[in-house]
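> how does the following fold in three dimensions:
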Amino acid sequence: MSLSGKRILLIVSGGIAAYKALDLIRRLRERGAEVRPLMTAGAQEFITPLAVGALSSGHVYTELFSREDEQDVGHIRLARDCDLVCVAPATADLMAKMAHGLANDLASTVLLATDRPVLVAPAMNPAMWAHPATKRNVETLRRDGIRFIGPASGEMAESGEAGTGRMAEPLDIVASIAEILAPAAKPLAGRRAIVTSGPTHEPIDPVRYIANRSSGKQGHAIAAALARLGAEVTLVSGPVSIPDPAGVHAIHVESARDMLDAVTDALPADIAVFVAAVADWRVATSAENKIKKKEGEGPAPLELTENPDILRTIGHHAMRPALVVGFAAETADVISNAQAKLARKGADFIVANDVSPATGIMGGDRNRVRIVSKSGVEDWPDLSKAEVAERLAARIAELVPKMAS
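Numbering: from 1, shown residues only. This next block holds a predicted model:
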């Protein structure tokens, strides 16, 4: 993803998420973009112009009535001398100004004067995002052609607060900017995809559960990559600590049985990619109360029963998607185990990897996979999980028309 030569006016407004703007600047410049930063007075309460200027390698604009910057009507120059305006984070206050055409500081004046595409990344407390006034303002801005990314759901800065209001992650904002400035082909437009991601939690009692080390990073990246190629993506995610990717419909589940129900409900689909590390076993009957230790007695026995096999169920389903992709996370005999899985479960190909502790793959940011199909085994090099996702999505886009015909 290149933004070489693109000029981005980044408006940083006042909220705790302003710290993410520092990473956003770095990510944009990594991809060749020129970043011209503008900070509101509120933003300067959270991060400093010195830090922003150091990362952007340029002047930081802060004042509407700056003698130096306004000698040539600088706010108009800022508004026009760019390819895109990005507001990240965008507070409820700044969005309200935008919706009502107010222009009483540099940021709001520039936003009123610009004729360039504007991308807004809201960040605020969930109650503020859900407030009718904010909803009205967002709808007004959408009608005016303003584009939005986020907000995401999750834990907030305030203790005990959670919900929708987190600013989108910097890499997601970068991807959205790239899409606006250089729209990619949409080979999966009109296609429906289901992606599973993360672990499952199988309850032992109300406190304990059986789980695994899956982070969900690879599955979430694949869901995002398919969405960028135009697919309508349903992401069925087990319990993870990462945010939902932009542009997908996320369903959050706990157990393998929950995940199977959610996947079945999402049918029919053209594509299904089963990345989730689903627990093979669950406790036959979970305890209603916490299982207590008893003095002088050993651990309570746990009777296990097999969980439903989601890949096999969908691979042989009456509404089987045209293309079914499975994942095989192994610690030994990777290829032979993946080949057996391919034959047994009705997948079109298996993405196999070695997740032994020494590899650092499970929970990490990189992956090395092998594509196992009836025609053979294809080795991919060590890549970031985002790069694996992009390659896999491109491969799926090539195969779906052939499989669906």
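> okay, CA-based contacts and neighbour counts for the rest of this
Noted.
> which elements pack onto the top helix by length along the chain?
Across the chain, the longest stretch assigned as helix under DSSP state H is helix 385-404. Packing partners of helix 385-404 (3 or more C-alpha pairs under 8 Å, 6 or more residues apart in numbering; DSSP states H and E): helix 217-228, strand 323-330, strand 366-367.
> quick one: the first one to helix 385-404, angle?
Going back to what we said before, that points to helix 217-228. Orientation check (axes from the mean of the first three to the mean of the last three C-alpha atoms, to 10 degrees): helix 217-228 against helix 385-404 gives 60 degrees.
> angle of helix 217-228 against strand 323-330?
Going by the same axes, to 10 degrees, helix 217-228 makes 160 degrees with strand 323-330.
> from the contact counts, what lies against helix 217-228?
Checked by 3+ C-alpha pairs under 8 Å, 6+ apart, helix 217-228 has strand 192-197, strand 232-237, helix 385-404 packed alongside it.
> and residue 185, which of those is closest to it?
helix 385-404 (10.7 Å; C-alpha to C-alpha).
> how about the closest one: buried residues?
Residues of helix 385-404 classed as buried by neighbour count (16 or more other C-alpha atoms under 10 Å): 385-394, 396-397, 400.
> kindly format the C-alpha coordinates of it as PDB.
Provided in PDB are the C-alpha atoms of helix 385-404 (Å, rounded to 0.1, in the frame of the first residue of the first chain):
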ATOM      1  CA  LYS A 385       0.000 -11.500   9.400                       C
ATOM      2  CA  ALA A 386      -1.300  -8.500   7.400                       C
ATOM      3  CA  GLU A 387       0.700  -9.600   4.400                       C
ATOM      4  CA  VAL A 388      -0.500 -13.200   4.700                       C
ATOM      5  CA  ALA A 389      -4.000 -11.900   4.800                       C
ATOM      6  CA  GLU A 390      -3.500  -9.700   1.700                       C
ATOM      7  CA  ARG A 391      -2.000 -12.700  -0.300                       C
ATOM      8  CA  LEU A 392      -4.800 -15.000   0.800                       C
ATOM      9  CA  ALA A 393      -7.500 -12.600   0.000                       C
ATOM     10  CA  ALA A 394      -6.000 -12.100  -3.500                       C
ATOM     11  CA  ARG A 395      -5.900 -15.900  -4.000                       C
ATOM     12  CA  ILE A 396      -9.500 -16.200  -2.900                       C
ATOM     13  CA  ALA A 397     -10.500 -13.400  -5.300                       C
ATOM     14  CA  GLU A 398      -8.900 -15.400  -8.100                       C
ATOM     15  CA  LEU A 399     -10.500 -18.700  -7.200                       C
ATOM     16  CA  VAL A 400     -14.100 -17.800  -6.300                       C
ATOM     17  CA  PRO A 401     -15.300 -17.100  -9.900                       C
ATOM     18  CA  LYS A 402     -14.000 -20.500 -10.900                       C
ATOM     19  CA  MET A 403     -15.500 -22.300  -8.000                       C
ATOM     20  CA  ALA A 404     -18.800 -20.600  -8.200                       C
END
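> looking at the helices and strands packed on helix 217-228, which is closest to residue 56?
Proximity to residue 56 (C-alpha to C-alpha) singles out helix 385-404 among the helices and strands packed on helix 217-228, at 24.6 Å.
> residue contacts, the residue nearest the centre of the chain?
Centroid check for the chain by C-alpha atoms, centre = their mean gives residue 245 as the closest residue, at 2.1 Å. For residue 245, the contacting residues are 172, 220-221, 223-224, by C-alpha atoms under 8 Å, 6 or more residues apart in numbering.
> most tightly surrounded among the helices and strands packed on helix 385-404?
Highest mean neighbour count among the helices and strands packed on helix 385-404 (mean count of other C-alpha atoms under 10 Å): helix 217-228, with a mean of 27.
> give the rounded mean pLDDT of it.
Helix 217-228 shows a mean pLDDT of 94.
> run the angle between it and strand 192-197 for me.
Orientation of helix 217-228 against strand 192-197 (the same axes, to 10 degrees) gives an angle of 160 degrees.
> and the next element down the chain from the helix or strand encompassing residue 338?
Assigned by DSSP states H and E, residue 338 belongs to helix 334-345. Sequence-wise, the next helix or strand downstream of helix 334-345 (DSSP H and E) is strand 349-354.
> list of residues touching that next one?
Residues contacting strand 349-354 (C-alpha under 8 Å, 6+ apart): 324-332, 334-335, 338-339, 341-342, 361, 367-374.
> tell me what angle it forms with helix 385-404.
160 degrees.
> how far does strand 349-354 sit from its chain's centre?
22 Å (C-alpha atoms, centre = their mean, to the nearest Å).
> can you pull the pLDDT of residue 69?
57.
> put the alpha carbons of the helix or strand bottoming out on mean pLDDT in the chain into CSV.
Here the helix or strand of the chain ranked lowest by mean pLDDT, DSSP states H and E is helix 74-80, holding a mean of 79. What follows is helix 74-80, C-alpha atoms only, in CSV (Å, rounded to 0.1, in the frame of the first residue of the first chain):
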residue,chain,number,x,y,z
GLY,A,74,-2.8,30.4,5.6
HIS,A,75,-6.0,28.6,6.6
ILE,A,76,-7.2,28.6,2.9
ARG,A,77,-3.8,27.4,1.8
LEU,A,78,-4.0,24.5,4.3
ALA,A,79,-7.5,23.7,3.3
ARG,A,80,-6.6,23.4,-0.4
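> give me the low-pLDDT residue ranges for the stretch 251-400 of the chain?
The stretch 251-400 of the chain contains no residues with pLDDT under 70.
> without its sequence neighbours, what residue ends up closest to residue 323?
residue 271 (5.0 Å; C-alpha to C-alpha, 6 or more residues apart in numbering).
> got phi/psi on that neighbour?
Dihedral angles of residue 271 (phi, psi; degrees, to the nearest 10) stand at phi -140, psi 140.
> how many neighbours does residue 5 have?
11 (other C-alpha atoms under 10 Å).
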